[in-house]
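1. sequence and computational prediction follow.
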Protein chains: 2
Amino acid sequence: MTIECGTSRIAGCQFTLFPMSDDFAEVILSTLEEVDMSKVWKSTDDVTTCIRGKRVHIFDVTKALFLHAAKTGKHVAMSGTYSIGCPGDSTADVYMDESNELMNESSSKAVQQQAGCKFSLYPLGEEDYMEKIYQQIDWSKTTEVSVSHAHYATRLDGDVHDIFRVLQQSFEQVQDVVSHVTMTFTISANSPSNPKEQEQ
Amino acid sequence: MTIECGTSRIAGCQFTLFPMSDDFAEVILSTLEEVDMSKVWKSTDDVTTCIRGKRVHIFDVTKALFLHAAKTGKHVAMSGTYSIGCPGDSTADVYMDESNELMNESSSKAVQQQAGCKFSLYPLGEEDYMEKIYQQIDWSKTTEVSVSHAHYATRLDGDVHDIFRVLQQSFEQVQDVVSHVTMTFTISANSPSNPKEQEQ
Ligand SMILES: [Ca+2]
């Protein structure tokens, strides 16, 4: 089976927002009210939410959802997988006709929030995939976030806007040269735990 | 860069347990008290926990953690990535000398719990990776869980023991033939949401 670069570069993200509070449902609903998802296709169930469309909107929406949930001050996390070029994905979608104008950047900019994030890049169907991963780790160290190595992942600490910029840039740079790329992430804010790693 | 099957087949899982309740810290602590993690290497911080060791213990521990958290009756989810054969991973570990006797199966068996789960398999460094993924989806349909297709993932519904059996078997079967494999999952229990998918 040969994997070809799809003519449609529709991207997607399957994710879950986790407010660690008794009123998790209210936090999710109020967050959804504040985020404009009109430029992405959306499907949601009790396990995950999936959005699909242009890359700029996928990152705009996921960053906005995390920021508006985190500004409640509650301990919130988001975990998910960005994906592009999946051979099983549909090749055309009406949402690819949307303009590149970001619907949430102005309201997101108003939220200042620190967070910790772990992410992993998976360029698929390529034998030299590890080199592409190491290139992105090297590049991320030149950015404003604090970068550290974790098992199976790279940890980013800093402002949420900077963290999502690194996630988006890493994803962009690998999908430029690899047809099918996925990128997993878990981002956490307002945790009462000490961020310092503890081994036993 | 050529990827070779590592001589050490240490596996790992990087995951986070998300109790959606004000007392999330207590739920996590009480769960940790009930789960025997003595046969795995463990590292934890405010974003994720990473365990490493033999595959049987990685699945034994992750299933036990989810079950003991879910039996509180609270809405809990767990999200993470199983990994094996990562070229960046260390090749030897004292935890690989542990016996295969499961430390948590008897206490896990006492917990009956329904859940929904989405998972994705990523065989890395292989051009025919999609065939290996489709083979696992076909196989999972022969099991006791309900299997459905989601964007970028396969959804499993059923008893938590059955779900983890499918996860482990899928991972086992792919790692038999592919050196570096990762498998992402999000599993959710006691959600007040309707599990039926809603598209907009
Ligand atoms: Ca390519």
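-> Now that the structure is in, tell me what you want to look at.
2. please name the nearest non-neighbouring residue to A:F18.
-> Excluding the flanking residues, the one nearest A:F18 by CB to CB, 6 or more residues apart in numbering or on different chains is B:F18, at 4.0 Å. C-beta: built from backbone N, CA, C; applies to glycine.
3. that neighbour reaches A:A77, doesn't it?
-> Yes: the criterion here is CB atoms under 8 Å, and B:F18 meets it with A:A77 at 6.3 Å.
4. sorry, back to before: could you list the paired strands of the one helix or strand the residue nearest to A:F18 maps to along with their orientation?
-> Element membership for B:F18, per DSSP states H and E: strand B:11-19. Using DSSP bridges, strand B:11-19 pairs in its sheet with strand B:49-53 (antiparallel), strand B:76-84 (antiparallel).
5. mutual contacts of B:F18 and A:A77, please.
-> Each of A:F18, A:M20 lies in contact with both B:F18 and A:A77 under the rule CB atoms under 8 Å, 6 or more residues apart in numbering or on different chains.
6. tally of neighbours for the residue nearest to A:F18?
-> 30 (other CB atoms under 10 Å in any protein chain shown).
7. which residues does it bridge with?
-> Legend: beta-bridge partners of B:F18 under DSSP bridges are B:A77.
8. who's in contact with it?
-> A:F18, A:M20, A:A77, A:S79, B:F24, B:V76, B:A77, B:M78, B:S79.
9. output those residues in TSV; the columns should cover pLDDT and distance to B:Q169.
-> As requested, those are exported to TSV (pLDDT from 0 to 100; distance: CB to CB, whole Å):
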residue	pLDDT	distance to B:Q169
A:F18	98	27
A:M20	97	32
A:A77	98	29
A:S79	98	24
B:F24	97	31
B:V76	98	24
B:A77	98	22
B:M78	98	19
B:S79	98	20
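10. burial-wise, tell me which of the strands paired with strand B:11-19 comes out on top.
-> Highest mean neighbour count of these: strand B:76-84, a mean of 27 (counted as mean count of other CB atoms under 10 Å in any protein chain shown).
11. need the residues that contact the helix or strand following that strand.
-> Per DSSP H and E, the first helix or strand lying C-terminal to strand B:76-84 is helix B:105-109. Helix B:105-109 is contacted by residues B:E34, B:D60, B:K63, B:A64, B:L67, B:H68, B:H161 when judged by CB under 8 Å, 6+ apart.
12. grab the nearest non-local neighbour of the second one.
-> Beyond its immediate neighbours in the sequence, the residue positioned closest to B:D60 (CB to CB, 6+ apart) is B:L102, lying 4.6 Å away.
13. what's the local residue count around that neighbour?
-> Residues lying near B:L102 (other CB under 10 Å) number 17.
14. and it, what does it touch?
-> With CB under 8 Å, 6+ apart, B:L102 has these contacts: B:V56, B:H57, B:D60.
15. how much space separates it from B:V145?
-> Using CB to CB, to the nearest Å, one gets 21 Å for the distance from B:L102 to B:V145.
16. dump stretch A:106-124 to CSV, restricted to CA.
-> Presented in CSV, the C-alpha positions along stretch A:106-124 are these (Å, rounded to 0.1, in the frame of the first residue of the first chain):
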residue,chain,number,x,y,z
SER,A,106,-9.2,38.4,19.9
SER,A,107,-11.1,36.9,22.8
SER,A,108,-8.3,34.4,23.4
LYS,A,109,-5.7,37.2,23.6
ALA,A,110,-7.5,38.7,26.6
VAL,A,111,-6.7,35.6,28.6
GLN,A,112,-3.3,35.2,30.2
GLN,A,113,-2.7,31.7,31.6
GLN,A,114,0.3,29.6,32.5
ALA,A,115,0.2,25.9,31.8
GLY,A,116,2.3,22.7,31.4
CYS,A,117,2.0,20.6,28.3
LYS,A,118,3.4,17.3,27.0
PHE,A,119,3.2,16.5,23.4
SER,A,120,4.5,13.8,20.9
LEU,A,121,4.7,14.0,17.2
TYR,A,122,4.1,10.9,15.0
PRO,A,123,5.0,11.2,11.3
LEU,A,124,3.5,8.0,9.9
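17. quick one: the helices in chain A, in order.
-> Per DSSP state H, chain A carries helices over the ranges A:24-34, A:55-70, A:105-109, A:129-140, A:160-175.
18. measure stretch A:136-147 end to end?
-> 11 Å (CA to CA, to the nearest Å).
19. and it, how far out from the chain middle?
-> Distance of stretch A:136-147 from the chain centroid (CA atoms, centre = their mean, to the nearest Å) equals 16 Å.
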